[in-house]
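# How does the following fold in three dimensions:
(one chain, ligands or ions: 2)
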Amino acid sequence: MTLTLNRPELIRNGNFINGQWQNGLQNEQYPISNPATDLLFAQATNSTADDAKLAADAAYSAFENWRHQPAKTRSQCLLRWHQLILDNTEDLARILSFEQGKPLIEARGEVTYGASYIDWFASEALRTYGDIIPNVVQGKKLMVVKEPVGVVAAITPWNFPLAMIARKIAPALAAGCTVIAKPAEDTPLTALALVVLAEEAGLPAGVLNIVTSSRDRVSDVVGAWLTDSRVRKITFTGSTAVGKILARESAATLKHLSLELGGNAPFIVFEDADLDAAVEGLVVAKFRNGGQTCVCPNRIFVHDRVYDAFAEKLVARVSSLKVGPWDQEDSQIGPMINDRAIDKIQRHVQDALQHGATLLTGGTRIQNAMATGPNYFAPTVLTNANQNMQLAHDETFGPIAPLFRFNTEEEVINAANDTPFGLAGYFYSNDIKRVWRVSDKMQTGIVGINEGAIASETAPFGGVKESGYGREGSRYGLDDYMDTKYLCQGNLD
Ligand SMILES: NC(=O)c1ccc[n+]([C@@H]2O[C@H](COP(=O)([O-])OP(=O)(O)OC[C@H]3O[C@@H](n4cnc5c(N)ncnc54)[C@H](O)[C@@H]3O)[C@@H](O)[C@H]2O)c1
Ligand SMILES: O=C[C@H](O)CS(=O)(=O)O
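Numbers count the residues shown, from 1 in each chain. Ligands and ions are numbered 1, 2, ... in the order given. Now for the predicted structure:
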């Protein structure tokens, strides 16, 4: 299993600060391993707080010039970057798959999806309109202008190493902010390759900066930004636990916060649902990225009347999913990101079985001619799931589909909402009155109605409750990176 690229120079192991690729000040590196084999295949810079400060210095110095560029200039930079990403899709997808594990076909899709945010915000950059307020007082003119918040620190997860960072950098640059980014320690190479292309797109020095670090250095690196008053916003995608740390530690300098956090998505199949459509929608939502997705269904509620028929259809479909390495064109589920992740999945399955679940398919790690490493887990369907199980309350983040049984709409809505999280929720029903009732009552930021594929750059992505706040994408996405300034001009008579 080797990583061959048309452009090997896309693989970088330095930081990019103030327009320069550079080693960390301590000149230390940390190893990157391939999830399929657990073998080390690359290194990345192990930065320190001093490296983080250098990046903040560069972004702060570049801000005034970047914010005063014509919006068209910022837009054209983003469009050039977008085109370079599309031109290098295959290399970016191979780097992404090699370090994160997802099948190549999914990685290609992620490149296109991430690039769509850059294209979208290249246009939104031209629409940061203000207002002229009709004056109610003689001799005064009241106006509103939108202004970029300033230096933005972007911290991203490993599960979508390109899309998540593109979804943050694009609106920030479009708004006129400058960016300091830290990708997840497991998957830095994809983000670094993106920055190579941003440099080729002609972004001015200091506008986009990226530093990498191992997990044990993260608090130092991000901590330097949290206490730096020049950093005006933190945009974070990751676990709720870390999101709470960032919210607490950025309070001292009252930074803007966008938090895209964990989920515990319900997926409800009502008795009037199209069962074949519901099975397909569940497979798309649940097993994308091997279930390592913040919006993937974590609890599947099936009405008693259709429970057995749905379970039978689902098992037939799940059993046919191909588990294999990233570079096998017919792989549909790759390895989990690391041993910690697969251990958690194993714990959830064991706990469910101990609390009364029945295993219909999967349930264990697998190793075979296709799945040759230690981090592959069989796509799994469990029935008789109940609220006493860990997987009912914690995000499994793996290819596990536990089926819960219900009888009434009221009962299932209460169960679906019985979680501190509120990112995505899904339901299948052909009863139009029920569609409006359930959409209204579901306590999530995103609702899939007879649909399992909800991602789009044109839609506002984000959660409620402990899944965070702020929205990414859509015409609302720029708001998170802009301040509203009110101008009042008097003595005009
Ligand atoms: N809402 C969304 O859009 C979304 C998208 C993807 C993933 N997620 C969530 O992310 C989680 C999985 O991703 P993960 O394991 O990378 O999450 P994580 O929270 O462990 O890490 C995310 C990022 O935060 C950094 N980090 C870790 N500890 C930190 C600390 N103490 N201070 C500052 N930064 C720190 C990591 O280095 C990484 O870059 C899941 O809960 C998933 O639901 C949410
Ligand atoms: O894991 C979380 C991602 O935001 C999922 S999506 O690709 O945006 O749907």
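# How many neighbouring residues does R7 have?
14 (other CB atoms under 10 Å). Every residue, glycine included, has its C-beta placed from N, CA and C.
# Could you tell me which residues make contact with it?
Listed by CB atoms under 8 Å, 6 or more residues apart in numbering, the contact partners of R7 are 88, 91.
# at 6 Å instead, please
R7 sits next to D91 when contact means CB atoms under 6 Å, 6 or more residues apart in numbering.
# list the helices and strands the host helix or strand of G109 packs on?
Assigned by DSSP states H and E, G109 belongs to helix 104-124. Where contact means 3 or more CB pairs under 6 Å, 6 or more residues apart in numbering; DSSP states H and E, helix 104-124 is packed against helix 71-87, helix 89-100, helix 163-175.
# what's the helix or strand following it packed up against?
Note on helix 104-124: by DSSP H and E, the next helix or strand toward the C-terminus is strand 131-133. The elements that strand 131-133 packs onto, with contact taken as 3+ CB pairs under 6 Å, 6+ apart, are strand 141-148.
# Walk me through which strands the strand it packs on pairs with, and which way each runs.
Here strand 141-148 has these sheet partners by DSSP bridges: strand 131-133 (antiparallel), strand 482-489 (antiparallel).
# what does the following helix or strand past that strand rub up against?
Remark: after strand 141-148, the chain's next helix or strand is strand 151-155, criterion DSSP H and E. Residues from elsewhere that reach strand 151-155 (CB under 6 Å, 6+ apart): 59-60, 168, 172, 177-182, 225, 230-236.
# Let's see which of these end up in helices.
Judged by DSSP state H, the contacts of strand 151-155 include 59-60, 168, 172, 225 as members of helices.
# Only the buried subset of those residues, as a ChimeraX command please.
In ChimeraX syntax, the buried subset of the ones in helices among the contacts of strand 151-155 is picked out as below (16 or more other CB atoms under 10 Å):
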select :59,60,168,172,225
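# Return the member of the ones in helices among the contacts of strand 151-155 nearest to ligand 2.
Closest approach between the ones in helices among the contacts of strand 151-155 and ligand 2, by CB to the nearest ligand atom: K168, at 11.2 Å.
# Show me what the closest residue to the closest one other than its chain neighbours is bridged to.
The shortest distance from K168 to any non-neighbouring residue, by CB to CB, 6 or more residues apart in numbering, is to A154 (4.2 Å). Taking DSSP bridges as the rule, A154 bridges to A181, T235.
# Neighbours of A154, how many?
Neighbours of A154 using other CB under 10 Å come to 26.
# next one: the one 4 residues further on
The local packing count at W158 equals 22, with neighbours defined by other CB under 10 Å.
# Quick check, it in contact with E185.
No. With contact defined as CB atoms under 6 Å, W158 does not count as touching E185 (7.8 Å).
# Counting by contacts, list what the strand or helix carrying R317 packs against.
Element membership for R317 (DSSP H and E) is helix 307-318. Helices and strands touching helix 307-318, as assessed by 3+ CB pairs under 6 Å, 6+ apart, comprise helix 275-287, strand 358-361, strand 380-383.
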